[in-house]
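K.L.:
what would the 3D arrangement of this be:
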Amino acid sequence: MPSLSTQRLVVRALLSLPSSLLRLLSGGGVVYRGGRTLDPRLQFLAAGAARGPAMTTMSPEEARRANAQGLAALSGSPEPGVRTEPLSIPNEAGAIPARLYRSEGQDPTAPLMVFAHFGGGVIGDLETCDAFCGILARIARCPVLSVEYRLAPEHRFPAGLEDVLAAYRWGRDNAARFGAPAGRAAIGGDSMGGNFAAIIAQDLKRAGEAQPDLQLLIYPCTDVASETASMTTYAESFPLSRAMMDWFMGHYM
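P.N.:
Numbers count the residues shown, from 1 in each chain. Got it, this is the predicted structure:
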């Protein structure tokens, strides 16, 4: 198998091809869903993914490995001017692995951002959002605390949520250690991480605690019960299909 650096070079070269050629390599034609046009790069990646086994046929362990391998090939170089530090957050259920990102141009008035990765509560780890957290730390000029919460089905709901809530409280209480205003923090995440962020803001309100400085909700999973139009229109869409949503929820709950 080619080295990871070689894989990244090949992927980068392929994704830089003209849109018409990417569509041709993907089987030809423009893909429309709900009046929208699928980006040709995503169309190319979707065609490649379709040649392999579907995630819904995998065990959680197999899906985690496949996700990690795919993301590694798509990831770029570390964000310039951003340093990272491994951390371990104390928690009653066991120490929570985390990673801190701080940019050279950090704004001392910017609150600490506690971030939870995507993955349906079943897949993902600190590497899943490594590139994004570096970009966020540099552009937002805030320290970012990425959390590796427990995953289902080994640890079903609400274990992962409880880990991120514990990490948020710890980050808020230790924010000054990382050059952020004391006692202040923001909460964010993408997909299931966005779900955690939204719920945590509600949990803090119910507990009578101060709200986060802000929520960063990136395509958050906020409704898994309603039969919405998007669940039908985009049921077969890449990279998240309805079958995959059902697979995630079947393991998560």
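K.L.:
so where does Ile200 fall, helix or strand?
P.N.:
helix 192-206 (DSSP states H and E).
K.L.:
same for that helix, what does it pack against?
P.N.:
Contacts defined by 3 or more CB pairs under 8 Å, 6 or more residues apart in numbering; DSSP states H and E place helix 192-206 against strand 112-116, helix 159-173, strand 185-190, strand 215-218. Every residue, glycine included, has its C-beta placed from N, CA and C.
K.L.:
ok and the second one relative to helix 192-206, angle-wise?
P.N.:
Here helix 159-173 runs at an angle of 60 degrees relative to helix 192-206 (axes from the mean of the first three to the mean of the last three CA atoms, to 10 degrees).
K.L.:
tell me where the protein has helices.
P.N.:
Ranges of helices within the chain are 4-15, 19-25, 40-50, 60-74, 130-140, 159-173, 192-206, 229-233, 242-252, based on DSSP state H.
K.L.:
of these, which stretch is the most buried?
P.N.:
Stretch with highest mean neighbour count among these: helix 159-173 (a mean of 22; mean count of other CB atoms under 10 Å).
K.L.:
could I get the helices and strands packed on helix 192-206 as CSV with distance to Ala197?
P.N.:
Formatted as CSV, the helices and strands packed on helix 192-206 follow (distance: least, CB to CB, whole Å):
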stretch, distance to Ala197
strand 112-116, 7
helix 159-173, 8
strand 185-190, 4
strand 215-218, 5
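K.L.:
which of those sits closest to Ala46?
P.N.:
Using CB to CB as the measure, strand 185-190 is the one of the helices and strands packed on helix 192-206 that comes nearest Ala46, at 19.1 Å.
K.L.:
now do the closest one: distance to the chain's middle.
P.N.:
In terms of CA atoms, centre = their mean, to the nearest Å, the centre of strand 185-190 is set 11 Å apart from its chain centre.
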